[in-house]
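Colleague: need a structure here:
(one chain, ligands or ions: 2)
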Amino acid sequence: MSGIYIHIPFCAKKCFYCDFYTTLSLKHKKDYLIALSQEIKLRKNYIKNKEIETIYFGGGTPSLIKPSEIQSLISEIIKIFNVKNNVEITLEVNPDDINLQYVKALKNTDINRISIGLQSFSNEDLKLMNRRHQSEENNKAVKLLQNQGYTNLSGDLIYGLPKMNIEGWKNNLKKFFALNISHLSAYHLTYEPNTVFSKFLKKGKIKEVSEDKSIQQFELLISEAKKHNFVHYETSNFAKEGQYSKHNSAYWKQTHYIGIGASAHSYNGNSRQFNVSNISNYIKKVREGKCFFEKENLSIRDQYNDNIITSLRTMWGLDLIYLKENFPRKYYDFLIEKSEKLIAQKLVIKENESLKITAKGKFIEDSILLELFFE
Ligand SMILES: C[S@@+](CC[C@H](N)C(=O)[O-])C[C@H]1O[C@@H](n2cnc3c(N)ncnc32)[C@H](O)[C@@H]1O
Ligand code: SF4
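Modeller: Ligands and ions are numbered 1, 2, ... in the order given. So this is what the prediction gives:
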């Protein structure tokens, strides 16, 4: 099982929290799409003949690209790779790009899952984040997609925003669950270096939310999700039973994947590749058939630490038998010894040969992961 990620770096406006590789200019759009299709051909052998179960168009803003252009890339992938019949194909969209004409065009593609960047239902928050949409557009976009038969929908929300109080977050969650969509990705705001929010923070223009408020908002998120029968299957991800994102679950389960496009990452078990994060360089290098990525070989220790960081964030936890069978014995022994104290503190549990972080542990997840890292 494998996945393919395609990065569409174009955005119409830069959000103040975002450090994903994006560009506001569309001038390279045509050449970029050609380069993507060239890279698809070049990467034919990266994951050998493994079956592709998921394809994900992320960004940036993939909804700035015509659905017919997205479909050309999908057809190229299907031609080159061994793609499973019922492959999950996700498209990230921004709410204000969604109109009837766009959704009708989308119906002529193989896209079968849509992830919508709702972010918030408060116009004040949306303005603070420098989003280009308003709260009403969230509802309109979802309704339009649902009316045209899309049932596999996900929404992104951000909490822990400056000035956000528990009432504001509660209101966001209420409006989200009223939409009747089956998957939620809710991220606590992180202040990434070189974003406008980080600069505002340094200058004292905004204030980080207190730790108490952060925890309170996370608690509310977990309890509201439960109330609406959403399973908390990864730290920031919730879904109705069985509606988990196959693509993201694959990342967390150490599945191999190919990242296509500027700044995209790839992973094949023993190495990671990072494509250049510059659209002109990317196009030029792919066109000339030159190396367009940096490669990092992963030591056994890196692979162990990767396994800790990805699997323990999920409800499935870390598979101890897999660890025992695929890593030198010292890693298994190290983990068992380190986890004893955490088990006694009820932060971690061992269940059916899997190690899992408990509900209590979720609130200090980062420090638990650090404790279990092999230095
Ligand atoms: C790559 S973005 C693209 C989604 C789409 N372009 C949009 O903006 O609606 C994926 C998601 O990551 C989340 N995100 C990005 N930067 C973040 C940050 N610094 N803190 C918290 N969440 C963030 C946002 O919820 C965003 O929707
Ligand atoms: S959050 Fe989305 S729309 Fe905003 S800058 Fe990042 S990728 Fe672009």
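Colleague: Does the worst-scoring helix or strand of the chain on mean pLDDT reach ligand 1?
Modeller: Lowest by mean pLDDT, DSSP states H and E among the helices and strands of the chain is helix 246-252, with a mean of 80. No: using Cβ under 6 Å from any ligand atom, helix 246-252 never reaches ligand 1; the gap is at least 11.2 Å. In short, each C-beta sits where N, CA and C put it, glycine included.
Colleague: tell me the contacts of whichever residue of the stretch 201-350 of the chain sits closest to ligand 1?
Modeller: Sorted by distance to ligand 1 under Cβ to the nearest ligand atom, the residues of the stretch 201-350 of the chain start with residue 236, at 8.4 Å. Going by Cβ atoms under 8 Å, 6 or more residues apart in numbering, residue 236 touches 185, 186, 187, 188.
Colleague: hmm, 10 Å instead?
Modeller: Taking Cβ atoms under 10 Å, 6 or more residues apart in numbering, we find residue 236 in contact with 156, 157, 159, 184, 185, 186, 187, 188, 218, 221, 248, 313.
Colleague: what do you get for residue 140?
Modeller: With contact taken as Cβ under 10 Å, 6+ apart, residue 140 is in contact with 95, 96, 98, 99, 133, 134.
Colleague: after the least confident helix or strand of the chain, next one along is what?
Modeller: Downstream of helix 246-252, the first helix or strand assigned by DSSP states H and E is strand 256-260.
Colleague: I'd like the mean pLDDT over the helix or strand following that following strand, please.
Modeller: Per DSSP H and E, the first helix or strand lying C-terminal to strand 256-260 is strand 265-267. Average pLDDT, strand 265-267: 94.
Colleague: The residue of the stretch 201-350 of the chain closest to ligand 1: what's its closest spatial neighbour, skipping adjacent residues?
Modeller: residue 187 (5.1 Å; Cβ to Cβ, 6 or more residues apart in numbering).
Colleague: and the one you found, what element?
Modeller: Using DSSP H and E, the element containing residue 187 is strand 183-188.
Colleague: now residue 349
Modeller: Assigned by DSSP H and E, residue 349 belongs to strand 348-351.
Colleague: quick one: strands adjacent to that strand?
Modeller: In the sheet, strand 348-351 lines up against strand 354-357 (antiparallel) (DSSP bridges).
Colleague: how distant is the strand it pairs with from the center of its chain?
Modeller: 22 Å (Cα atoms, centre = their mean, to the nearest Å).
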